[in-house]
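Asker: Predicted model and sequence follow; I will ask about them next.
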Amino acid sequence: MSQDCLLLNGNGKPVSYFPLSVLNWKTAVKLTLTRNVILIKEHQDRVVRSPNFEMKVPSILMLPRFHKFHNYVKFSRSNVF
């Protein structure tokens, strides 16, 4: 199964633009089950099953709060030279 999942920030925009914030399906299922994200859309044809549980693989997830990222680069020897 090679289904990827798009991760959106709290305002509905992608978390990062380069590379675009894409998760693999295992990480997406873990985040959904621990309720750390809001499920927006699911794949209709992909299902994950266990002996007593079944769920569709997430397609689009959104963080519950806006997560601000820093726009600056820390100066270090490797960054300067």
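Answerer: Yep, that arrived.
Asker: Every contact and neighbour count from this point should use C-alpha atoms.
Answerer: Will do.
Asker: Which parts of this structure are helices?
Answerer: 25-33, 77-80 (DSSP state H).
Asker: Strands along this protein, start to end?
Answerer: Ranges of strands in the chain, per DSSP state E, are 4-8, 22-24, 38-49, 54-62.
Asker: Roughly how far does the closest residue to residue 7 other than its chain neighbours sit from residue 67?
Answerer: Spatial nearest neighbour of residue 7, excluding adjacent residues (CA to CA, 6 or more residues apart in numbering): residue 61 at 5.0 Å. Residue 61 is 14 Å from residue 67, where distance means CA to CA, to the nearest Å.
Asker: And those two? Which one has more around it.
Answerer: Using other CA atoms under 10 Å, the more surrounded residue of residue 61 and residue 67 is residue 61, with 26 against 10.
Asker: Is the more buried one in contact with residue 39, as I believe?
Answerer: Yes: here residue 61 reaches residue 39: they are 4.9 Å apart, a contact under CA atoms under 8 Å.
Asker: how many other residues sit next to residue 35?
Answerer: As a burial measure, residue 35 scores 12 neighbours (other CA under 10 Å).
Asker: low-confidence ranges in the protein?
Answerer: The model of the chain has pLDDT under 70 over residues 1-2, 17-20, 70, 81.
Asker: go with 90
Answerer: For the chain, residues meeting the criterion pLDDT under 90 lie at 1-4, 6-23, 36, 63-81.
Asker: give the contact list for the residue nearest to residue 56 when sequence neighbours are not counted.
Answerer: Leaving aside its chain neighbours, residue 56 sits nearest to residue 47 (4.3 Å; criterion: CA to CA, 6+ apart). Residues in contact with residue 47 (CA atoms under 8 Å, 6 or more residues apart in numbering) are 54-57.
Asker: winner for burial among the strands of the chain?
Answerer: Highest mean neighbour count among these (mean count of other CA atoms under 10 Å): strand 4-8, with a mean of 22.
Asker: Sweet, I'm off.
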